[in-house]
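Enquirer: Dropping a prediction and its sequence here:
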Amino acid sequence: MYFIANWKMYGDLKSIKSLNKVIKFTRLNKRKKFKIIYCPPYTLLDSFSKKIKKTKIELGAQNCHFEISNGPFTGSISPTMLKKIGSNYVIIGHSENRSTGETNAEVNKKIKSSIKSNLKVIFCIGETLIEKRKKLTNKILYKQILKGLYKIKNLNKILVAYEPIWSIGTGVIPKIDDLDKNVTFIKNVLKKHLKVKNPKVLYGGSVNPKNVENLVSIKAIDGFLVGGASQKAKNFIDIVKKTII
Ligand code: 13P
């Protein structure tokens, strides 16, 4: 099971305290099978990277530029830069970036460069509330998957994160049956259309220590991408505990 902390635009150097608690938790639970990945803002990657050395925790970034190494792109960070600072993962296609104009084609370019830079990709997809109401969820997910992963070879380096947009930061999670169907649909698309043998699909959107008990009943889910609840160590640890212990 994967537990990914997406801190979004939150956190400063004091936040290291929260990471320390989670490091302690992973040391106490060495034998249990789970993977924790921290995706703090760029400004904290270096200090987090130093802290997690010799721990089971891995580091990820929240986005990157599609240019693989360097270029005249003011304000951007490349996949190579992320790798050099100790990131092994990068989140790409988060709806918060898609909503400000990131297209499926850009997502695809970013994924290609990230994989070339030896990063693993947390590839986010999900429908809006209007699309859900119009029963377009499968169509949207299908399009996002096929366009986002177009001509990508190392699909075993991709973790898909299904994040229904209407569930992010709202406290609302999908009905268990619906979520089960959507995750299974995503896995089937990956298997049938892209020949991924063992696809990994995570769920994200308002995951907290309370609702995670219901969410884990869905066998097809391989982990969680956690926003708000990942910032407090206790909440994040409780989510892990309730899933794997
Ligand atoms: P919340 O857990 O705060 O709803 O955020 C989910 C998310 O967007 C993770 O990427």
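Expert: That came through fine.

Enquirer: tell me the contacts of whichever residue of the chain sits closest to the ligand?
Expert: The minimum distance from the chain to the ligand, using CB to the nearest ligand atom, falls at G227 (2.2 Å). Backbone N, C-alpha and C define where each C-beta goes, glycine included. Residues in contact with G227, defined by CB atoms under 8 Å, 6 or more residues apart in numbering, are 6, 8, 168-169, 204, 206-207.

Enquirer: can you list those in CSV and add neighbour count and pLDDT?
Expert: Listed next are those as CSV, based on neighbours: other CB atoms under 10 Å; pLDDT from 0 to 100:
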residue, neighbour count, pLDDT
N6, 26, 98
K8, 19, 98
I168, 21, 98
G169, 13, 98
G204, 24, 98
S206, 20, 98
V207, 27, 98
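
Enquirer: Which ones among those also lie next to the ligand?
Expert: By CB under 6 Å from any ligand atom, the members of the contacts of G227 lying near the ligand are 6, 168-169, 204, 206-207.

Enquirer: Among those residues, which pair sits farthest apart?
Expert: Farthest-apart pair in the ones next to the ligand among the contacts of G227 is N6 and S206; separation 12.5 Å (CB to CB).

Enquirer: what's around the nearest residue to K83 once chain neighbours are set aside, how many residues?
Expert: Nearest non-adjacent residue to K83, counting by CB to CB, 6 or more residues apart in numbering: S117, 5.0 Å away. Counted with other CB atoms under 10 Å, residues neighbouring S117 total 19.

Enquirer: for S117, phi and psi?
Expert: In this entry, S117 is assigned phi and psi values of phi -80, psi 10 (degrees, to the nearest 10).

Enquirer: Now S217: closest residue in space, sequence neighbours ignored.
Expert: Nearest non-adjacent residue to S217, counting by CB to CB, 6+ apart: I176, 6.4 Å away.

Enquirer: who's in contact with that neighbour?
Expert: Neighbours of I176 in contact, by CB under 8 Å, 6+ apart: 214-215, 217-218.

Enquirer: what does K151 give?
Expert: Listed by CB under 8 Å, 6+ apart, the contact partners of K151 are 108, 112.

Enquirer: re the thing from before, just the contacts of I176: which are in helices?
Expert: Among the contacts of I176, the ones falling in helices (DSSP state H) are 214-215.

Enquirer: Identify the bridge partners of the spatially most central residue of the chain.
Expert: Residue closest to the average C-alpha location in the chain (CA atoms, centre = their mean): I122, at 4.3 Å. For I122, the beta-bridge partners are I91, L159 (DSSP bridges).

Enquirer: measure it to K30 for me?
Expert: 24 Å (CB to CB, to the nearest Å).

Enquirer: I am finished for the moment; much appreciated.
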